[in-house]
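Engineer: coords below, sequence missing:
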């Protein structure tokens, strides 16, 4: 990590912590969009983290950008930082103008598809996607679709579509998008060779994995702190062997999310290399972190007891994100099956060689 | 339970405990057939427990017969008591002569099938079965097959077949049976209406469930006793909260095997009633007890530590049976899928009504 | 051999008729109630529904007729309970009174208390809550600090109770508090029957993580109780509370909390589920069927006057595991992003289940406490 | 924030060549070795194989050349280890010496001890065992009772060591025993380098539950050790032992013990597995890939001289879970009745895995002890 990225990391961490106060998190849950928070995040240039410098971005390495996403996740900051980073990266990859405000990408769910067809000098974009994150807030939505044997990015202004609002369990916007639009020729451009139609799903899954790891680490911290603080039967509950064993188990799962996040974030670098972008590391990361998320949330609530179950205590801001994010951009079962197909195809003799490429 | 059955139960329990000494269990593992033990069991009439009095048997209720099987299982007594009880019951149901010594039944594995065809005054029996328990020891083997729209029992003398020896993890005989035999007309007879071709599998699964419950209860006893006895860090390990929590979890699984055994044993009564013999209670019992068995064995070994891992300590006689029996007469996955099909067929509105018939 | 027995439950005569009658009643009463409401299970509160149940004689069923009961067996009551839960009926209003407070009154109450309250409970018109936990006393009940002090004509109570479910909709609270010295951890406590309309009592609802308000903080500030509010024997609170626990721990509510989700899962899977789905359905059904067997067995033991405390704890522990597993397994089979209030029923039901599942191994004694009780029951020294 | 870091492992230069070289070697050496043998993983003992490995320079790889090492990096050594384990190579003969005894000698040994032993270990010709546990001291190492008493020209040892893996096939034991008072639980212990051919030492193999004889009881009856047998500092045994643990806990042997079964499972499932099988394969692969990442990260930390004790414990705990899960999940997918020595390879491999899996969470510190260490590492007070 360069010195610059260290400065960016530390400043961002402080910024996220300042912005994500309980009061603002409650407001966000009530449906209020935190424009001031977004403005601060944007002022630091974070939405451009993944855009190369020559394209007008910050050009952070994937690992460093992932670090920012993880850091924001530890605070449950209710803005589409990961989505906008990815949308801008897609726009840069396609040579399209970057987004000026919050942005997002679609499709975000396995199986959702859009179709693009040339119409005169422009394009016709058609299709639908469920659970597009922050679509109702984003200024721009980057939609990836196939046409003419290529994978293309289309830049759609949210003002041209009407997302149907939905929420995840953490009450973050997850909206339905129905699109039937004529787009000018310069709103659509091909993505680099080697990128497949699964790319937006893999990108989103990579950053959800990273975010799960961030939230998981924070939940562990909160739970350890609570166990040291809260007394029952005359001593801190962290002195009880049963609680210690549970927290150790939880720490193992948190460690696994760290390893998972590392693997997944690698995709963001790897797909820039020539050759087909292999989503296997993302699949592994998202599957493993998604599996861990539920166990981590369960142990955190078990140790916190009734207090963690209240809306007043901050734990739920994080556990609700663990429960939500594990299902977004493909749940663990989806990615497990994909990994399983790869392993089965590799066969008994190919399993180990495949694992050691990771 | 009648007074007579109580006497039978108590006498049998004492007998099993007397017979199943470590020395004889080691011999049995080495492949020695414990004829003296079998003679004592037979002398008490136990192999005829499930045969109605009018057919020359003891006519115990299913629950009481199951109690004997569970009781023998707690001692790991290496004789085919359950198999002989069931074989004799099948023979009695078909009106065929009872077995004079140890006996068994086949097929014992889902998917294994025999064919019966009439040949003149007699029958031609053909087919194969894997993992038939004690086939190499049994004097008689009762083979169930379909012919002419009926489910029939065929009484085959072991001297007429050559089982290929195999062993389960507890080193009990589990043998391959290839049959291609002419049988006299009076060696084959139909079983009562309502019995399906899955009957031997269900019977075996019912008694394996019962045996799992017996072995599980004994493993819990041994483990609790060991935890109270063994000291580490200056106190009995049973005083450590982590050990207590594990044993509580284990006790829950043991309780589940008890409920499972009760349900499964009910099949032995139920199929005597008019109407189709429904294996659902057996499926539920075997699935649940089979699932519990692995967890029980794992916790027992975890608490016993290295000592439980030695051949000298008696724990393995029981845990190896837990690991073996859970896979016999259909493993939990087999029965779970069967239950699943029934539940799916019942549908959302039929699930609860179906569960409450149990 | 064998530290605990689960004798087979005996089916009461007329069981099938009773079950059919309850099903018919529920089919009518719950006709318009969507699964997203029914998933609330015994957290669903509906005073009207409770009153109708009372009219049918299905509250306080086992109590003596002279107190409004029907003198039916524990296993008949069991049938009614499990039918209510499986259907996702809103039973919260009367649940505590029927399960705990009524039996406690029957056992410990004065004749006046019994005559005054039991018939109203059985009619589904009088609701109770339990004032047990406090800010610094969750699992550690002996650490209660709320205190009742004798006055000339009764008691004066000060302190704070927390996590009091539906206090804001209940008529009475069974208050557990200190009446003796703090040194006597167990001996110095008593139970009181508290009319929640009395002055000096403030009830503040607390939102839970899904935004619902079942919990309350109940603050007592010099709240005056009449002498007749003492329930049972002064100083015997700890023992009385422990006696309630077997009732609280072994019922079908300990494993059916997410049953409505399982039903919706079967609906979502359709008529030809994958092998994986079949195995999961089969596995969960085997757990529920066995739990039901064990739980009915405990009901039978209670009926016979036995003390199946160990068995009840085992049922609750196993039950919480399966209740919590259902949403986790459901998400392996049906890809959904859960959302409260969604039009997609599965999404909505799954959302509710995920958010509420953590409570299943906290309420009524945490998993760790419960396993400690089981360990002692096993004879671990 | 975050109590433990797992920095991404840095791939050593030439890693791919080394890996290819090892694979080629293994393909040849293990050609005739069936999966039923390969499932023994690092319990498989073959002195010839170890000598061949030594000849290739793959034992003691990271040690200084002057002691027979190759001065290669920890991550290069990691590549060799994981390739050996994944292939099910019989590595038990040299495993302990390479992993623990050699590094201990390097750190604590005298120049004479190092010159005498390290080159022979690296050549794959000198095998070690660990004399740690005793009949009354399993997890509680401080309770050892075996005692070495100073004599005129060295030490005299009395006591019994238990569960000493492959003592009967080893040349040396690293003995952990008491040299000081019993009151000083930790301070009064030391380590010795014991030539197992000395008089007064009786080695008795103990069969395990699968009938194999890896374990031993080693009885010391006035066994005379030379003064030069002391390893490290007298009275410093406890600290020396604790220092070994990170080496012992984080290696690929902590999650690959049943890898051969996973390979056979894929073979048994064929080319078109069910959705359920795909999900299980995917899940297990995700666990192994992540564990491998974490474990290599710890190797990198060790290389840098960090003390990743917490991370190592986490890897071992997670690793044991997945090693134990593989046979349990395999049986859900492929119906088999396991049998040792069966001609059906899957049946045989599964049988071995089932019988040996319980040891994975006992050896090298029980799961409970390990989780206690993790809890302390997390800062639980």
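Structural biologist: Perfect, I can see it now. Not measured: the values here are computed from a predicted model. Residues are numbered from 1 along each chain as shown, chains lettered A, B, ... in the order given.

Engineer: In a helix, residue A:182, correct?
Structural biologist: No - looking at residue A:182 with DSSP: H, G, I helix; E, B strand; the rest coil, it is strand, so not inside a helix.

Engineer: Quick check, pLDDT for it.
Structural biologist: You'll see residue A:182 listed with a pLDDT of 97.

Engineer: In contact with it, which residues?
Structural biologist: Contact partners of residue A:182, counting by CB atoms under 8 Å, 6 or more residues apart in numbering or on different chains, are A:119, A:122-125. (Glycine included, C-beta is placed from N, CA and C.)

Engineer: List the contacts of residue C:366.
Structural biologist: A:302, A:305, C:138-139.

Engineer: Which of the contacts of residue A:182 has the largest number of neighbours?
Structural biologist: residue A:125 (25 neighbours; other CB atoms under 10 Å in any protein chain shown).

Engineer: any idea which element that residue lies in?
Structural biologist: strand A:122-133 (DSSP states H and E).

Engineer: cool, residue C:297 as well?
Structural biologist: helix C:275-303.

Engineer: touching chain B at all, that helix?
Structural biologist: Yes - residues of helix C:275-303 are located near chain B by CB under 8 Å from any CB of the partner chain, namely C:275, C:277-283, C:285-294, C:297.

Engineer: Can you name every helix or strand that that helix contacts?
Structural biologist: When contacts are defined as 3 or more CB pairs under 8 Å, 6 or more residues apart in numbering or on different chains; DSSP states H and E, helix C:275-303 sits against helix B:241-270, helix B:280-304, helix B:332-355, helix C:74-87, helix C:237-249, helix C:259-269, helix C:309-333, helix D:275-303.

Engineer: what's the pLDDT at residue C:22?
Structural biologist: For residue C:22, pLDDT reads 98.

Engineer: same thing with residue A:279?
Structural biologist: 94.

Engineer: In contact with it, which residues?
Structural biologist: By CB under 8 Å, 6+ apart, the neighbours of residue A:279 are A:196, A:198, A:201-202, A:205, A:267, A:338.

Engineer: and the strand holding residue A:125, which strands flank it?
Structural biologist: strand A:113-119 (antiparallel), strand A:174-183 (antiparallel) (DSSP bridges).

Engineer: which residues of the stretch 51-200 of chain A fall in strands?
Structural biologist: A:103-106, A:113-119, A:122-133, A:140-147, A:150-157, A:174-183, A:188-190 (DSSP state E, counting those that start in this stretch).

Engineer: Roughly how far does the nearest residue to residue C:81 once chain neighbours are set aside sit from residue B:331?
Structural biologist: Leaving aside its chain neighbours, residue C:81 sits nearest to residue C:252 (5.4 Å; criterion: CB to CB, 6 or more residues apart in numbering or on different chains). Going from residue C:252 to residue B:331 by CB to CB, to the nearest Å gives 29 Å.

Engineer: just residue A:226 next, same as before
Structural biologist: 42 Å.

Engineer: same deal with residue A:224?
Structural biologist: For residue A:224 relative to residue B:331 (CB to CB), the value is 41 Å.

Engineer: so where is the stretch 151-300 of chain A shaky, pLDDT-wise?
Structural biologist: A:274 (pLDDT under 70).

Engineer: Tell me which residues touch residue A:355, please.
Structural biologist: D:285, D:288-289, D:292.

Engineer: Now, of the residues you listed, which are buried?
Structural biologist: For the contacts of residue A:355, a burial check counting by 16 or more other CB atoms under 10 Å in any protein chain shown picks out D:285, D:288-289, D:292.

Engineer: on that earlier part again, now the contacts of residue A:182 in TSV, with pLDDT?
Structural biologist: Shown next, in TSV, are these (pLDDT from 0 to 100):
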residue	pLDDT
A:119	95
A:122	96
A:123	97
A:124	97
A:125	97
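
Engineer: hmm, back to that, quick one, which of the strands of the stretch 51-200 of chain A gets closest to residue B:358.
Structural biologist: Of all the strands of the stretch 51-200 of chain A, strand A:122-133 sits nearest to residue B:358, with 39.2 Å by CB to CB.

Engineer: what angle sits between that closest one and strand A:150-157?
Structural biologist: Interaxial angle, strand A:122-133 versus strand A:150-157 (axes from the mean of the first three to the mean of the last three CA atoms, to 10 degrees): 80 degrees.

Engineer: where exactly do the helices run in the stretch 51-200 of chain C?
Structural biologist: C:74-87, C:92-96, C:102-108, C:111-122 (DSSP state H, counting those that start in this stretch).

Engineer: Which parts of the chain belong to which domain?
Structural biologist: No chain specified, so I'll use chain A. Following automatic domain parsing, chain A resolves into domains at A:3-190, A:199-355.

Engineer: my bad, chain C
Structural biologist: If you go by automatic domain parsing, chain C breaks into C:15-126, C:130-235, C:240-378.

Engineer: Take the contacts of residue A:182 and lay them out in TSV including distance to residue A:100.
Structural biologist: Formatted as TSV, these follow (distance: CB to CB, whole Å):
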residue	distance to residue A:100
A:119	27
A:122	22
A:123	22
A:124	25
A:125	21
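
Engineer: circling back to that earlier point, as TSV, the helices and strands packed on helix C:275-303 with distance to residue D:244 would be great.
Structural biologist: Compiled in TSV, the helices and strands packed on helix C:275-303 are given as follows (distance: least, CB to CB, whole Å):
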stretch	distance to residue D:244
helix B:241-270	24
helix B:280-304	23
helix B:332-355	41
helix C:74-87	55
helix C:237-249	47
helix C:259-269	49
helix C:309-333	38
helix D:275-303	12
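
Engineer: quick revisit: out of the contacts of residue A:279, name the ones that lie in helices.
Structural biologist: A:201-202, A:205, A:267, A:338 (DSSP state H).
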